[in-house]
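Participant: pasted the sequence and its predicted model underneath.
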Amino acid sequence: MPVAKPESSDVRIIAHVDMDCFYVQVEQRKQPQLRGLPTAVVQYNSWKGGGLIAVGYEARKFGVKRSMRGDEAKKVCPQIQLVQVPVARGKADLKTYRDAGSEVVSVLSKKGRCERASIDEVYLDLTDAAEAMLIETPPESMEFIDVEALKSHVLGLDQEGQSDSLECVRMWLTKCDADYRDKLLACGTLIVAELRMQVLRETKFTCSAGIAHNKMLAKLASAMNKPAQQTVVPLSCVKGLLDLLPIKKMKQLGGKLGSSLESDLGVNTVGDLLKFSEQKLQECYGINTGTWLWNIARGISGEEVECRLLPKSHGSGKSFPGPQALRTISSVQHWLTELSEELSERLCSDLDKNRRMAHTLTLHASAYRLSDSDSHKKFPSKSCPLRYGAAKIQEDALNLFKAALRDYLGSYRANTQGDSNSGWRITSLSVSASKIMTIPSGTCSITKYLHVQHSSCTSSGQPQDNDIQETALHPGCTNYSMMNSNEAHDERTGETKIELDYSHLGCTNYSVDSSEALDKFTGEEKEGKATDRCNLDEEEGGRGSWKEEVMDTCSSSKELEKDGVIIETTQLPVVVAESKFCSGSSKSEFQIIPIEEQKSKNTRITSSLCTKRNKSKDKGTASILRFFKPDHSSTSRNHEFAESIQDNLSSADGHSSELRLSDHGEQGGERWNYKVDEIDISVIEELPPEMQKEIWSWLRPHKRSNTANRGSTLAHYFLPSKSS
DNA sequence: ACGGCTCACACT
DNA sequence: TAGTGTGAG
């Protein structure tokens, strides 16, 4: 008889799945003749045989280790098969491994919440699945249990070395009077065994897994029996496991913190930590870390398995050791071009496949100086808004580099010309893209309200106008047009497809189903893929912080709140574009013009806007205003809010003639609303950096809550605005 | 002349 | 915030 679920049970079933020597498996799948042979993956073969980054289990028997050079590996294992990491653009290219990792994730994410922890590891929260199994088909009632589950290692079970180990495990899995938590764990064990077999069937990769009640223990367990095995941690043996575990084996304690525990507190095992009070640990390592240490000593880890299948950032980097160190701007430029191209390719792929865009570009480098005075000075990293397109990324990255170099050299004269320099050397370069957000549903975005007319920079010289007429997808959105978009109505299905053309970014197109978008708009939730739900979840909760940011930005924030209600719509400054998204020579000329007639009172000028405005006049400057229609549903509160924003936008200078463009049509003082969380970022992305910055200052990327158990230092993001 | 190349996250 | 540092694999 099934045991009733205890009330308010907070038992979770967590699995950590770890691919076995993943890169090697990927290469062995590609070249099956390598299977069974001692194999390792190396990158950059030229110097000492290249560096090993993955070693197969057959090779490990010979003492081959990661971090060996290829030549060393050959010494201890002459028959070793060394496979080189693919090289693209002069650098190691990990794409094949990333893609293989995604294959695995797509299998594992079908059951329960899934967090991609690295290229070859995931966490799964199988609580729901385990509970369901316990109710519907409890293990104790099973007549057949797969051998893969029976091969599990159950800590605390005296099975190792036993001839009837499988029977021991069967007994444990099917025990009728077991603790409820052990029963759930048994279900998790069966589920994970099945998942691992599924991974093997569908990807040909083996993996190992740990099944426990939290992430920390699951992670520990997955490493205990490799390869291609799984380990279970019943609650009853947690103490025994941790007591003698070397402190540095714990995740997060493998570095300086672990060393400090050893040397400063004499802690050698996790069990040793039990001797210290929480207060003592906090005194030594801070509130958060102290509490965290106190908890992990007891096997407590509240970390949630996040629903995240995709990485939060992309980066492309390369090191230039020793004599390879870069010594000229032009060589730096060359490598930044290579790195930017790879990054751009990955960003476009992310956009195509996942409808996500990154918003921050960061440049990292390391350097040293020949004139050693303070050569240990760190080369600063720099970031800026990210513009899509390899050429733009490269250009921005180079500018970031130059700025960083100036900082780095300080008063030192920075000779940036030619092949000479002031004695600096660059030993590594990397560009990375972060703040990646899912694009809000394609049809409900700022682009509906904008029409960006762009003339082609191709030989034809003909202006391209992808204007789209009147689709009236939802009330309040009577005029629909989208930048570089095409819409096709399928007469047979009645569906309307919106094609987003990102070709000017070097990306392939993708389309969105407008009916889906409409459903989202009207609040009807459809069953979507797990990833979609995740992304939607991520959008949630951002609203509060957005408000906060706007309030910080607005000078007259008082107007934001009335009757205790925060207004959630605002008004968009009109973006006027002169000409094209041509990736080549000239830059797009954009300007922002307040929608409403300029107000001269209470103006806070944004300089970049004013100066920009002077440049683009005359022919070709197409106001998008004529494509706007007023939103008659706007409330007076919206107007007030809008005014508060307008005040920040409006300039006091006398360019009223341009501003009158906003009077195009007969709207007069009409205003337009849009929902902040429906803005299509891609429009903003195309603006010049300073303008993007301006806009982002109103439309902050959503900040997410961090549920990690170390204490919520991020909590302040969710507190009321400091100004209030 | 090195472990290279990625990632995530806490802290300030 | 942007930037630094740590830790992981």
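Facilitator: Yep, that arrived. Numbers count the residues shown, from 1 in each chain, chains lettered A, B, ... in the order given.
Participant: for the rest of this, base every contact and every neighbour count on C-alpha atoms.
Facilitator: Fine.
Participant: in the stretch 101-250 of chain A, which residue sits nearest DNA strand C?
Facilitator: Nearest residue of the stretch 101-250 of chain A to DNA strand C (Cα to the nearest atom of the strand) works out as residue A:250 at 6.1 Å.
Participant: could you list the low-pLDDT ranges of chain A?
Facilitator: Along chain A, the parts satisfying pLDDT under 70 run over A:1-8, A:372-376, A:411-420, A:442-724.
Participant: which bits of it sit near DNA strand B?
Facilitator: A:47, A:51-53, A:66-67, A:91-94, A:117-118, A:286, A:288-289, A:310-324, A:428, A:432, A:706, A:708, A:710, A:713-714 (Cα under 7 Å from any atom of the strand).
Participant: just those residues: which are in helices?
Facilitator: A:288, A:289 (DSSP state H).
Participant: just the buried residues of the residues of chain A next to DNA strand B.
Facilitator: By neighbour count, with 16 or more other Cα atoms under 10 Å, the residues of chain A next to DNA strand B hold A:51-53, A:66, A:91-93, A:117, A:288-289, A:310, A:314-319, A:428, A:432, A:710 as buried.
Participant: restricted to strands, list those.
Facilitator: If you go by DSSP state E, these have A:51-53, A:91-92, A:117, A:314-319, A:428, A:432 in strands.
Participant: excluding sequence neighbours, find me the nearest residue to the residue of the stretch 101-250 of chain A closest to DNA strand C.
Facilitator: Once flanking residues are discounted, residue A:250 sits nearest to residue A:220: 7.5 Å by Cα to Cα, 6 or more residues apart in numbering.
Participant: can you verify my assumption that the one you found contacts residue A:210?
Facilitator: Yes - in this structure, residue A:220 is within contact of residue A:210 by Cα atoms under 8 Å, at 7.2 Å.
Participant: with neighbour numbers in mind, choose between those two.
Facilitator: residue A:210 (32 against 21; other Cα atoms under 10 Å).
Participant: so the spatially closest residue to that one that is not a sequence neighbour versus residue A:207, what's the distance?
Facilitator: Nearest residue to residue A:210 in three dimensions, chain neighbours excluded: residue A:222, at 3.8 Å (Cα to Cα, 6+ apart). Look at residue A:222 and residue A:207: by Cα to Cα, to the nearest Å, they are 9 Å apart.
Participant: one more: residue A:137?
Facilitator: 26 Å.
Participant: that older thread, give me the common contacts of residue A:222 and residue A:207.
Facilitator: Applying Cα atoms under 8 Å, 6 or more residues apart in numbering, one finds that residue A:222 and residue A:207 are jointly contacted by A:17, A:18.
Participant: for the closest residue to residue A:174 other than its chain neighbours, give me its contacts.
Facilitator: Spatial nearest neighbour of residue A:174, chain neighbours left out: residue A:140 (4.0 Å); criterion: Cα to Cα, 6+ apart. Contact partners of residue A:140, counting by Cα under 8 Å, 6+ apart, are A:173, A:174, A:175, A:176.
Participant: in strands only, show me those residues.
Facilitator: Per DSSP E, the contacts of residue A:140 never map to strands.
Participant: show me which of the residues you listed is closest to residue A:361.
Facilitator: residue A:173 (50.6 Å; Cα to Cα).
Participant: quick one, what contacts the closest one?
Facilitator: By Cα under 8 Å, 6+ apart, the contact set of residue A:173 is A:139, A:140, A:183, A:186, A:187.
Participant: close to DNA strand C: what parts of the stretch 1-150 of chain A are there?
Facilitator: A:118, A:120.
Participant: list, one by one, the residues from chain A near DNA strand C.
Facilitator: So chain A meets DNA strand C at A:118, A:120, A:248, A:250-258, A:362, A:378-385, A:700-701 (Cα under 7 Å from any atom of the strand).
Participant: could I get the helix or strand containing residue A:135 in CSV with only the CA atoms?
Facilitator: Using DSSP states H and E, residue A:135 sits within helix A:127-136. The C-alpha trace of helix A:127-136 is given here as CSV (Å, rounded to 0.1, in the frame of the first residue of the first chain):
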residue,chain,number,x,y,z
THR,A,127,10.0,15.9,-7.8
ASP,A,128,6.7,16.0,-9.7
ALA,A,129,7.5,13.1,-11.8
ALA,A,130,8.6,11.0,-8.9
GLU,A,131,5.5,11.9,-6.9
ALA,A,132,3.3,11.0,-9.8
MET,A,133,5.1,7.6,-10.2
LEU,A,134,4.7,6.9,-6.5
ILE,A,135,1.0,7.4,-6.8
GLU,A,136,0.4,5.7,-10.2
